[in-house]
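J.: turn this into a model:
(chains A, B and C)
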Amino acid sequence: MGYARDVGALARKDLLLELRARDTLPAMLLFVGSVFVVFHFALPGTSSRLATAGLLWVAILFTALLGLGRAFVPEREQRTFDGLVLAPCDRSAIWLAKSLATLAFLVAAELVALPLYALFFHSVGGATVAAVALADLGICGVGTFLGAMAVATRARDLILPLLFLPLAMPIVVGAVGATVVDSPGRYLGFLALYDLLFAVICWASFEYVVAE
Amino acid sequence: MTTAEKYVTAAYCVVFALVLAYVLIMALKLQRLERDVDELARRAPDEDAEDAPRETAQVG
Amino acid sequence: MNRSAATIQAVGRTRISLPVLAGASLVLVTTALAFVFFVAPNDADQGFSQRIFYFHVSIAITAYGCFAGAAWKALRHLWKRDPRADLESYVFVHQGVIFGTLVLLTGSIWAKISWGHWWLWSEDQLVLFLVLFLFYCAYFMLRFSVDPGPQRANLSAVYALFGVVLIPVSFAAIRLSKQLIHPVVFTRDGPNFHGWILVTYCLAQVALPVLAYTLYRLELSAKRLDGRLRDLREVLA
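T.: As a prediction, the model looks like this:
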């Protein structure tokens, strides 16, 4: 019970911060829109459904990366990370709360991105929405974890994509598969398995990332 | 030599070359270590090189 | 605590001496090479080019072994707080990346002989090694942009553990992604996997891990020496 309250308080703090500063979400929205426009010109005139499905996932992945890169910026700029770590709660609560906050941003961005995609390219089916939901969990969970690692380094923003993209490869496979094929059950199952597996590892090992 | 033979030889040469490149890197590292040891030996007190680290270790 | 660390160290020293290992890998790798070129018969399907297989597959399995070793040492670091596990984990990753590079290069050459292209996305193992190569290169980026200390050790260890989970997950993902493309069924161990071919393969499979372990120990001793020199310099300064 106490754990859930800790997570809730931490996540609320991040959302409140975003509401006041409005740093991340507008950037993500603008980015995903621009990416669609750029991709329209990058793709040959009559591109197949397969190609545009890949495009959607590249756009989502990079938009998420943009948000993840900002996830620990407030802590870094205001030097409140030590305070967070010293807070009397389980350290994994920090990861869970951050993931939830990032997830909220990403979902908000996708609420705009998916209709925009349907408008510009192809319609979006139920399987795609399910894939987006499952992929978001994995992207935010793993991405937040790696973001916490990246802020501890000197390279910071530079290193997060390098850490994240190889780990995100299975997500892309599952997500694109679910978007493209007729019976997406297997791909959705794979995404769910990925989420579960990495959520457990992140949850169990986050303590070591923030501990000195 | 047939093409297949050439390619197989190339593959094994690549393995060999990479291991040798590793040896080269290790050699460079050893060279650096040697320089460091030389520097330390110069810096160590002249009287008895073996005593020096022990003495300071006791202080620290 | 200190004494147990000392006994671990003592056990570590009495393992197998480095010269013995180096000699063993010299003999084994040379014998394996001789077998590959002079003893093993030509493969019925692929002819001479099949001879890449002996080292390619052995190197791939050795690379997996190195990554697994890295994860094991990482676990020891996080769990038992073994003071030497961090460096050992790092050196294992380094060996894994070297052998992974070799897998990519030999695999690419093999793809060129067999299918006429230097790169094939339909070859599961090659694609997997490319992903792992990128992943573990990022490990080095991570490690070298954190100052040495407990935090670097923790971050490296956690990342190395991620790697060992990523291997099966990526493999499954690559298998899944291929369903749109026609599957390439390539019987490496079909009915013609017997006799001298089997002996040669087993020899190579023993030789390359021994070579990897020798290089691992060599690099480890160099790195330890480096660390001790640094300590000594601090004491003298």
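J.: when you scan stretch A:68-82, is anything in it near chain C?
T.: No: for stretch A:68-82, no contact with chain C is found by C-beta under 8 Å from any C-beta of the partner chain; the gap never falls below 12.1 Å. C-beta coordinates here come from the backbone N, C-alpha and C atoms, glycine included.
J.: any idea of the mean pLDDT for that stretch?
T.: Taken as a whole, stretch A:68-82 has a mean pLDDT of 81.
J.: up against chain B, what does chain C have?
T.: So chain C meets chain B at C:33, C:36, C:47-49, C:51-52, C:55-56, C:59, C:98, C:101-102, C:105-106, C:109-110, C:112-113, C:211, C:215, C:218-219, C:222, C:225-226, C:229, C:232-233, C:235-236 (C-beta under 8 Å from any C-beta).
J.: excluding chain neighbours, what is closest to the residue in chain A that chain B sits nearest to?
T.: The minimum distance from chain A to chain B, using C-beta to the nearest C-beta, falls at residue A:166 (22.0 Å). In space, and not counting its chain neighbours, residue A:166 is closest to residue C:135: 3.8 Å by C-beta to C-beta, 6 or more residues apart in numbering or on different chains.
J.: can I get the buried part of the residues of chain C next to chain B as one ChimeraX selection?
T.: Command for ChimeraX that selects the buried part of the residues of chain C next to chain B, burial taken from 16 or more other C-beta atoms under 10 Å in any protein chain shown:
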select /C:33,36,48,49,51,52,55,56,59,98,101,102,105,106,109,110,112,113,211,215,218,219,222,226,229,232,235
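J.: where does the prediction get shaky in the chain?
T.: By default, I'm working from chain A. Applying pLDDT under 70 to chain A flags residues A:1, A:45, A:212.
J.: ah, I was thinking of chain C
T.: Low-confidence segments of chain C, defined by pLDDT under 70: C:1-14, C:179-194.
J.: try 80 this time
T.: Where chain C drops to pLDDT under 80, the residues are C:1-15, C:43-47, C:49, C:122, C:178-194, C:236-237.
J.: enumerate the residues of it near chain A.
T.: Residues of chain C lying near chain A by C-beta under 8 Å from any C-beta: C:78, C:131-132, C:134-135, C:137-138, C:141-142, C:145-147, C:150-151, C:154-155, C:157-159, C:161-162, C:165-166, C:169-170, C:172-174, C:176-177, C:179-180.
J.: helices of chain B, start to end?
T.: Ranges of helices in chain B, per DSSP state H, are B:3-43, B:51-59.
J.: so which of those helices is nearest chain C?
T.: helix B:3-43 (4.2 Å).
J.: list the helices and strands that closest one packs on?
T.: Under the contact definition 3 or more C-beta pairs under 8 Å, 6 or more residues apart in numbering or on different chains; DSSP states H and E, helix B:3-43 sits against helix C:52-80, helix C:85-115, helix C:195-236.
J.: swap the cut-off to 10 Å and go again
T.: Helices and strands touching helix B:3-43, by 3 or more C-beta pairs under 10 Å, 6 or more residues apart in numbering or on different chains; DSSP states H and E, are helix B:51-59, helix C:18-34, helix C:52-80, helix C:85-115, helix C:195-236.
J.: just send these back as TSV, with distance to residue A:31 too.
T.: Shown next, in TSV, are these (distance: least, C-beta to C-beta, whole Å):
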stretch	distance to residue A:31
helix B:51-59	57
helix C:18-34	52
helix C:52-80	35
helix C:85-115	33
helix C:195-236	42
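J.: which residues does the residue of chain A closest to chain B contact?
T.: Residues counted as contacts of residue A:166 (C-beta atoms under 10 Å, 6 or more residues apart in numbering or on different chains) are C:130-139, C:162-163, C:166, C:170.
J.: of all the residues you listed, which two lie farthest apart?
T.: Farthest apart among the contacts of residue A:166 by C-beta to C-beta are C:130 and C:162. That separation is 17.2 Å.
J.: more neighbours: these two, which one.
T.: Higher neighbour count among residue C:130 and residue C:162: residue C:162, with 25 against 21, using other C-beta atoms under 10 Å in any protein chain shown.
J.: name the helices or strands packed onto the top helix by length along chain A?
T.: Longest helix in chain A, counting residues (DSSP H): helix A:91-120. Contacts defined by 3+ C-beta pairs under 10 Å, 6+ apart place helix A:91-120 against helix A:2-21, helix A:24-42, helix A:49-71, helix A:81-86, helix A:126-151, helix A:185-210.
J.: comparing those, which comes out most buried?
T.: Greatest average neighbour count among these goes to helix A:126-151 (a mean of 23), per mean count of other C-beta atoms under 10 Å in any protein chain shown.
J.: now that one: how far from the chain's centre is it?
T.: 4 Å (C-alpha atoms, centre = their mean, to the nearest Å).
J.: before we move on, what about stretch A:97-115?
T.: Per C-alpha atoms, centre = their mean, the centroid offset for stretch A:97-115 relative to its chain is 7 Å.
J.: mind listing what residue 52 touches?
T.: No chain specified, so I'll use chain A. When contacts are counted by C-beta under 10 Å, 6+ apart, residue A:52 touches A:36, A:39, A:40, A:43, A:117, A:120, A:121, A:122, A:179.
J.: the intended chain is chain C.
T.: Taking C-beta under 10 Å, 6+ apart, one finds B:4, B:7-12, B:15, C:36, C:46, C:106-107, C:109-110, C:113-114 in contact with residue C:52.
J.: understood, closing this out.
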